[in-house]
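**Student:** predicted coordinates and the sequence they were generated for:
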Amino acid sequence: MYISYDKLWKLLIDKQLKKTDLISLCKISSRTLTKLSKNENVNTDTLIRICEALSCGIEDICTLRENTEPMTLYEAFRGGKKLLSSDDYCKTYSFEYKGKRVILTKTKKKANKYTVLHCKGSAVTWEQITQISIYTSASEYFAIDLSEKRDPETVYIVVISGTPNHFKGLDEGIFVSVHGKACDKNSVYVMSEAALKVFDI
């Protein structure tokens with residue numbers, strides 16, 4: 001048996017907090033945060049500090065699970081992914097989950113508060129503006145092209161590393177948010193890395 005912290009990550013999303021916010025809110029180290037992310041053992045003082053900071057009970061942040069229980073989609077990705085392709089901007093993986101093939105494309109660069117994702121047509125376009133000085137800024141663009149024919153029996157997911165400022169065009173056309181519902185077999189789920197931890201199909 002082991003303790004799963006999936007409920008904690010969902011609670012953070014509901015409260016519009018980032019995982020890194022736990023470091024300052026609960027006075028925990030980045031090493032402890034990594035242990036929580038991997039469902040490894042942490043001391044009870046840490047769990048109490050998290051509960052106090054988030055005004056919740058222990059049952060709201062963790063559950064006891066059997067090693068034989070079905071994995072979450074995120075655990076299936078972490079444990080069974082096979083690299084299909086890689087370029088300067090993204091890596092694409094394949095893995096099995098609940099009897100379905102999943103193709104997941106993940107950005108290499110981490111999004112931040114200056115990153116906006118445009119979901120339009122058959123591409124997710126990354127736009128990031130970096131302030132160089134008061135008078136000048138630089139923009140970076142790249143697109144994740146999803147125009148290739150998709151297998152209707154495969155689930156397609158695009159994951160944006162980091163914390164993007166905004167997603168535009170989600171739940172329109174082929175692009176579906178974590179809270180949306182796929183309307184046809186060509187749908188592509190687009191989400192942040194944090195949302196992937198609590199997402200299920």
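**Tutor:** Thanks, I have the structure now.
**Student:** mean confidence score for the longest helix along the chain?
**Tutor:** For the chain, the longest helix by residue count, based on DSSP state H, is helix 44-54. Over the span of helix 44-54, the pLDDT mean works out to 94.
**Student:** the least confident helix or strand in the chain by mean pLDDT pairs with which strands, parallel or anti?
**Tutor:** When the helices and strands of the chain are scored by mean pLDDT, DSSP states H and E, strand 137-145 comes last with a mean of 81. Sheet pairing for strand 137-145, assigned by DSSP bridges, gives strand 123-131 (antiparallel).
**Student:** got phi/psi on F175?
**Tutor:** phi -90, psi 130 (degrees, to the nearest 10).
**Student:** next: L64.
**Tutor:** Dihedral pair for L64: phi -90, psi 130, per degrees, to the nearest 10.
**Student:** all strands of the protein, in order?
**Tutor:** Here the chain has its strands, by DSSP state E, at 2-4, 63-65, 82-86, 90-97, 100-107, 115-120, 123-131, 137-145, 154-160, 166-168, 175-176, 188-192.
**Student:** dump those strands to a markdown table, plus mean neighbour count.
**Tutor:** For every residue, glycine as well, the C-beta is placed using N, CA and C. Formatted as a markdown table, those follow (neighbours: other Cβ atoms under 10 Å):
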| stretch | mean neighbour count |
| --- | --- |
| strand 2-4 | 14 |
| strand 63-65 | 13 |
| strand 82-86 | 10 |
| strand 90-97 | 17 |
| strand 100-107 | 18 |
| strand 115-120 | 20 |
| strand 123-131 | 17 |
| strand 137-145 | 13 |
| strand 154-160 | 21 |
| strand 166-168 | 15 |
| strand 175-176 | 24 |
| strand 188-192 | 22 |
